[in-house]
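**Q** Just need the structure, nothing else, for what follows:
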Amino acid sequence: MIRLAVHSKRYWFFVCLFLLHQILQYGFGIYIPFVDSYLDPFVAPIVLLGAWQFERNWFLAKRAIPSRLFLSEVIALTIYVALVGEFIFPLLSAKFYYDPFDFAAYALGGFCFQILLNK
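**A** Numbers count the residues shown, from 1 in each chain. Below is the predicted model of the structure:
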């Protein structure tokens, strides 16, 4: 049976991991360089793809049986999030900067969503 990502403990693990990192980094000033650089780009596609899947199934489709995202949708949204995060955000704020290695983190996040949550 197809199950939405937001109903999975794995999905909420990634959401909590993101929130915990934000609290440690900005709330307590604890900085872990590798994690600070690559955790957000890794988790962003997972969280956003799960939210998109939920939104598509709950608000738009109202299907009795949930549908999974197509691989092309996972790839497209992952690329979109990576482009916005690496090109648009740095134009809007000096807090963001371009890092070509972030693309690997975004891709790994999209891959993890597809393998672990898009069932």
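**Q** So residue 99: helix, strand or coil?
**A** coil (DSSP: H, G, I helix; E, B strand; the rest coil).
**Q** With residue 101 as the reference, measure out to the closest residue to it other than its chain neighbours.
**A** Once flanking residues are discounted, residue 99 sits nearest to residue 37: 6.8 Å by CB to CB, 6 or more residues apart in numbering. Where C-beta positions appear, they are placed from N, C-alpha and C, glycine not excepted. Residue 37 sits at a distance of 8 Å from residue 101 (criterion: CB to CB, to the nearest Å).
**Q** can you pull the buried residues of the longest helix anywhere in the chain?
**A** Identified as the longest helix of the chain according to DSSP state H is helix 33-55. The neighbour-count check on helix 33-55 (16 or more other CB atoms under 10 Å) flags 38-50, 52-54 as buried.
**Q** Quick one: mean pLDDT over stretch 58-74.
**A** Mean pLDDT, computed over stretch 58-74, is 78.
**Q** Ok, stretch 6-26 next?
**A** 93.
**Q** and that stretch, which residues are buried?
**A** Here stretch 6-26 shows 6, 11, 14-15, 17-18, 21, 25 as buried, counting by 16+ other CB under 10 Å.
**Q** Could you dump these into CSV with distance to residue 74 added?
**A** Listed next are these as CSV, based on distance: CB to CB, whole Å:
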residue, distance to residue 74
6, 15
11, 14
14, 15
15, 18
17, 20
18, 18
21, 23
25, 27
